[in-house]
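>>> Give the three-dimensional model of this entry:
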Amino acid sequence: MIDDMFNLRDRTAIITGAGRGLGKAIAEAFASAGANLLLADLDEEAAIRAGHELSAKGIEAKGIPVDIASEESVNKMVDAALQRFGKIDILVNNAAIAGGEPSPEELEKEYWDRIIAVDLTGTFLCSKAVGVHMIDQKYGKIVNMASVSGIAVQRLTGKHNPAYSVAKAGVIMLTKVLAGEWAKYHINVNAIAPTWFRTEMGVAQKSQEQQAEMLRDIPLGRIGEPKDLAGAALYLASNASNLVTGHTLLIDGGYTVW
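As a prediction, this is how the structure comes out:
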């Protein structure tokens, strides 16, 4: 029974930002569950390398480049998945960008526009392009990567992320909107909101002092490892979550309980 709930055999998944970090950890979990994978990343070399590594697990995995802020690039990604696998059962909108942002009054519009274009509009473009095919097949699982920053303002002293936080809050609302719109087509749309994770986009950008400050804000007392999130993504992509939609699952070690 448990195997039936969590296995992804004969399922095809697109994972964006799959070349490294959380995206790659999710891809590894899906591969272990038997899914065939299209691994998309702005870094083409990382995507192809991940595809080769996961093919060794006995599933089909292909790495391709994508810029999720470009509708043309997103459509090419979807076409590649359909040509290779004939269907798309799962979409994980993991790709995002972030960085040390200045305070709101110093934030330049060009930077704001780029963060929103990738982290929010990119999630919408991928969901729209895949969603039309899921609507036709009357089935689908979409998992969006939000953030605790979309729920609670980061508390790191002297650090601000206004554009990133607003984009991720938008992802949470987009998740609810799509869940409501597409429920009649048996498409589940959910999100994951992680705290600080030990990835290139997360803790690797922070000083030792900042990391110590992060730990003070996490009741469980540790930074997340990519494997801590992979199981949540597998749950939301599998039959185990068939009655779950419009939900944002916090993987935050208690960060938001304060």
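
>>> how about low-confidence regions in the protein?
By pLDDT under 70, the weakly predicted segments of the chain are 154-160, 201-206.

>>> what's the single longest strand in it?
Identified as the longest strand of the chain according to DSSP state E is strand 187-194.

>>> Go ahead and confirm Ala179 touches Val244.
No: in this structure Ala179 lies outside contact range of Val244 using C-beta atoms under 8 Å: 9.4 Å. (C-beta placed from N, C-alpha, C; glycine too.)

>>> Confirm that Leu249 sits in a strand.
Yes: counting by DSSP: H, G, I helix; E, B strand; the rest coil, one finds Leu249 located in a strand.

>>> which residues does it contact?
Contact analysis of Leu249 by C-beta atoms under 8 Å, 6 or more residues apart in numbering lists 190-193, 232, 236.

>>> Distance-wise, check it relative to Ile172.
From Leu249 across to Ile172, the span is 11 Å (C-beta to C-beta, to the nearest Å).

>>> what residues are shared contacts of these two?
Joint contacts of Leu249 and Ile172 (C-beta under 8 Å, 6+ apart) are 191, 193.

>>> Just list whatever residues bridge to Asn188.
Beta-bridge pairing for Asn188 (DSSP bridges): Lys141.

>>> what sits against it?
140-142, 179, 236, 241-242, 244-245.

>>> Name the nearest of those residues relative to Lys128.
Ile142 (10.6 Å; C-beta to C-beta).

>>> how deep is that closest one tucked in, by neighbour count?
Number of residues near Ile142 (other C-beta atoms under 10 Å) recorded here: 27.

>>> Distance-wise, check it relative to Leu243.
Per C-beta to C-beta, Ile142 is found 16 Å from Leu243.

>>> that older thread, anything in contact with each of Ala179 and Val244?
Both Ala179 and Val244 are in contact with 188, 190, where contact means C-beta under 8 Å, 6+ apart.

>>> Looking at the two, which one has more neighbours?
Using other C-beta under 10 Å as the criterion, Ala179 and Val244 rank with Ala179 on top: 19 against 15.
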